[in-house]
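Colleague: Turn this into a model:
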Amino acid sequence: MSEQARLYGAVLYQLNLSEEMVQEALEILKGTPELLSVLDDPTVPLNKKLAIIDQIFIEPDFSLLMANFLKKACEAGCIGQFREIVSACREHTLEAAGILEASLYYVTKPDDMQIAGIKQFLCKKHRKKDVELTLVSSPDLIGGFLLKAGDIEYDYSLKGRLTRLNRAVAG
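Modeller: Okay, the predicted model is just below:
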């Protein structure tokens, strides 16, 4: 993610727009590649881009604040990074709420008690109030699980253990 996308994500977060509105704007831009292409095209005059935004992102579905934000992103040449901008905004929202995003890759799906234990471990380890845990079936792990939280990996998979053993023996 570019620094510009992170910056615009922080601004979008500070605007305190509803998550539904931001997601709807994202869906429109993702679902209409031609629209995003035109808005991101440096050869299209800025006044035409702004007029397009005024025609599509109108009240009551979109606030004037949302339309103005999209216009500023066009002016800055970063509207093409809107998906990353929304992602950065979401990171700020979760951080402010004390929520950690994590992914659990598993061979055998954990039960509710195991999930609760994993969340409790992550909350304590990362000093968060809650964890938004995404479960991903991953049979290639052979057994066990792999837990990713931010840039930290907890590898308790059989595949990971075999890889570490192989390195220890070879090295």
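Colleague: drop to CA atoms for contacts and neighbour counts, all remaining ones
Modeller: Will do.
Colleague: Got the domain ranges for this protein?
Modeller: Following automatic domain parsing, one finds the domains of the chain at 3-93, 99-170.
Colleague: Tabulate these (JSON lines), appending mean pLDDT and mean neighbour count.
Modeller: Listed next are the domains of the chain as JSON lines, based on pLDDT from 0 to 100; neighbours: other CA atoms under 10 Å:
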{"stretch": "domain 3-93", "mean pLDDT": "95", "mean neighbour count": "16"}
{"stretch": "domain 99-170", "mean pLDDT": "94", "mean neighbour count": "15"}
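Colleague: For residue 22, see how far away the spatially closest residue to residue 79 that is not a sequence neighbour is.
Modeller: Nearest residue to residue 79, sequence neighbours excluded (CA to CA, 6 or more residues apart in numbering): residue 73, at 4.9 Å. Distance of residue 73 to residue 22, given as CA to CA, to the nearest Å: 14 Å.
Colleague: Residue 45 too?
Modeller: Distance, residue 45 to residue 22, using CA to CA: 25 Å.
Colleague: next one: residue 143
Modeller: Distance from residue 143 to residue 22, by CA to CA: 39 Å.
Colleague: Backbone dihedrals for residue 63, please?
Modeller: phi -80, psi 160 (degrees, to the nearest 10).
Colleague: Please list all residues in contact with residue 59.
Modeller: Listed by CA atoms under 8 Å, 6 or more residues apart in numbering, the contact set of residue 59 is empty.
Colleague: now with 10 Å?
Modeller: 66, 67 (CA atoms under 10 Å, 6 or more residues apart in numbering).
Colleague: what's the host helix or strand of residue 23 packed up against?
Modeller: Here residue 23, judged by DSSP states H and E, is contained in helix 19-31. For helix 19-31, the elements it packs on are helix 33-40, helix 64-76, helix 82-97, judged by 3 or more CA pairs under 10 Å, 6 or more residues apart in numbering; DSSP states H and E.
Colleague: With distance to residue 156 added, can I get the ones you listed in CSV?
Modeller: Supplementary listing: those in CSV, determined by distance: least, CA to CA, whole Å:
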stretch, distance to residue 156
helix 33-40, 41
helix 64-76, 43
helix 82-97, 26
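Colleague: Put the alpha carbons of the helix holding residue 23 into CSV.
Modeller: The C-alpha coordinates for helix 19-31 follow below in CSV (Å, rounded to 0.1, in the frame of the first residue of the first chain):
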residue,chain,number,x,y,z
GLU,A,19,-19.0,2.5,6.7
GLU,A,20,-22.0,1.7,4.5
MET,A,21,-21.5,4.8,2.4
VAL,A,22,-17.8,4.2,2.0
GLN,A,23,-18.4,0.5,1.0
GLU,A,24,-21.1,1.6,-1.5
ALA,A,25,-18.7,4.0,-3.1
LEU,A,26,-16.1,1.2,-3.3
GLU,A,27,-18.6,-1.2,-4.8
ILE,A,28,-19.5,1.3,-7.5
LEU,A,29,-15.9,1.9,-8.4
LYS,A,30,-15.0,-1.8,-8.3
GLY,A,31,-18.2,-2.8,-10.1
